[in-house]
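Engineer: The following block contains a protein sequence and its predicted model.
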Amino acid sequence: MSTLSTLPIVDLDIFLADPLSPAAVAEAKKTADALVTYGALVIKDSRINEEDNEKFLNLLENYFAQSEEIIKKDVRKEWAYQVGVTPELTLKPKCVFEESCMDIIEKLDPNERPLDVSGRPSDPKTRFFWKMSTPPPYETEFPLSSIPNIIPDAFADVWQTTLENWGNTLKTAVENVAELAALGFGLPRSVFTDAAKYGPHLLGPTSSNLAKYGKENTILAGFHSDLNCLTIHGRARYPGLHIWARNTGKRMSVKIPPGKFMLVQAGKQFEYLTGGYVRAGYHEVVVNDQTIETINRRKVDYPDRPLIRISSTFFWHLSSDFTLEPIHELAIRVPEDEKGKTQYPPIKVGAQVRK
């Protein structure tokens, strides 16, 4: 199994200093190449304030340490869990019910395969969705955008500020990655960001109770890819994220170092836009030996903190009313042996999400 160092590291600072410089052009090319080869890359961004991430992780740990009864007050099943809490054992990894996903696993070397999800049909994680979208200035076919965010009673004084501060850091960074990718592919800089201007972006931290689900080889989030355009991950306190490189079939153990680094993965919408030239990145979160080591260390170093793994994840979406279809200049680059294997008929993004 490979490690984080295998993934290319793109320096956003170079791009932001002078987007037209030769060095920035090289970073753009590196971004595009990384998405094609791995479906993922690591970014370095000096704008990241580690204190904001620490405040975010502390707040979410405290929130999910509350009783199940209190947390359930923030569930909005009638809104398809698009704001507030999704309870544990609700979300199912796509491979449980998609034959195409199982085919992908079968083609992997046995030593590179994810943990088997067949024995656990639902993930033991809990999620909180916080909307970070701009309402469109037109009548939308997909009015879920009008649903208000949920602010938990016990944290009403700090919740919005903390989530918005960290969420905006993630959102700004992933938008810059989209710009770099566009330039790296030889497209206009704003081709992806224009399509995502009114996207239903979501800050979606997940919580895994390691006091309850902390046994080695426990699946916290089963093998899957994301349906949105790009997903950006901030640093979590507990390791356990594995990703699969699209063109190598290798499983990589990801541990984002402290400081100015984040992980970005391509989602299904990005795959669609490229006609399969870039593939959505598969990943899982499991309790591995590094997770166990961190649990034991934090029991000693932070005995008063809850043993809860919080992901720091932002889902960057294309606008719901945008018609999703392959960009010709990218679709023609799909290797001949892959052309036609997956169809990408035009579809509104909102309809794609509902599917």
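Structural biologist: Structure received.
Engineer: Now do the contacts for the closest residue to His201 other than its chain neighbours.
Structural biologist: Closest residue to His201 apart from its sequence neighbours, by CB to CB, 6 or more residues apart in numbering: Met132 at 4.7 Å. Where C-beta positions appear, they are placed from N, C-alpha and C, glycine not excepted. With contact set as CB atoms under 8 Å, 6 or more residues apart in numbering, Met132 has these partners: Glu164, Gly167, Asn168, Lys171, His201, Leu202, Leu203, Phe314.
Engineer: helix/strand/coil for the last one?
Structural biologist: By that I understand Phe314. Recorded secondary structure, Phe314: strand (DSSP: H, G, I helix; E, B strand; the rest coil).
Engineer: Now for it: which residues touch it?
Structural biologist: Met132, Gly167, Leu170, Lys171, Val174, His201, Leu202, Leu203, Gly204, Thr231, Ile232, Gly234.
Engineer: same check, this time on the second one
Structural biologist: When the contact criterion is CB under 8 Å, 6+ apart, the partners of Gly167 are Trp130, Met132, Leu203, Phe314.
Engineer: Show me which residues of the host helix or strand of it are buried.
Structural biologist: Element membership for Gly167 (DSSP states H and E) is helix 159-184. In terms of neighbour count (16 or more other CB atoms under 10 Å), helix 159-184 has its buried residues at 159, 162-163, 166-167, 169-171, 173-184.
Engineer: could the contacts of Met132 go into TSV alongside pLDDT?
Structural biologist: Below are the contacts of Met132 laid out as TSV (pLDDT from 0 to 100):
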residue	pLDDT
Glu164	97
Gly167	97
Asn168	97
Lys171	98
His201	97
Leu202	97
Leu203	98
Phe314	98
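Engineer: got the residues you listed as TSV, with distance to Ala331 columns?
Structural biologist: Shown next, in TSV, are those (distance: CB to CB, whole Å):
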residue	distance to Ala331
Glu164	37
Gly167	32
Asn168	33
Lys171	28
His201	25
Leu202	28
Leu203	31
Phe314	27
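Engineer: Quick check: Val264 is in a strand.
Structural biologist: Yes - if the criterion is three-state DSSP, then Val264 is within a strand.
Engineer: For the residue in the chain sticking out farthest from the centre, give its distance to Thr294.
Structural biologist: Centroid-distance maximum for the chain: Val300 at 30.5 Å, with CA atoms, centre = their mean. Computed as CB to CB, to the nearest Å, the Val300 to Thr294 distance reads 11 Å.
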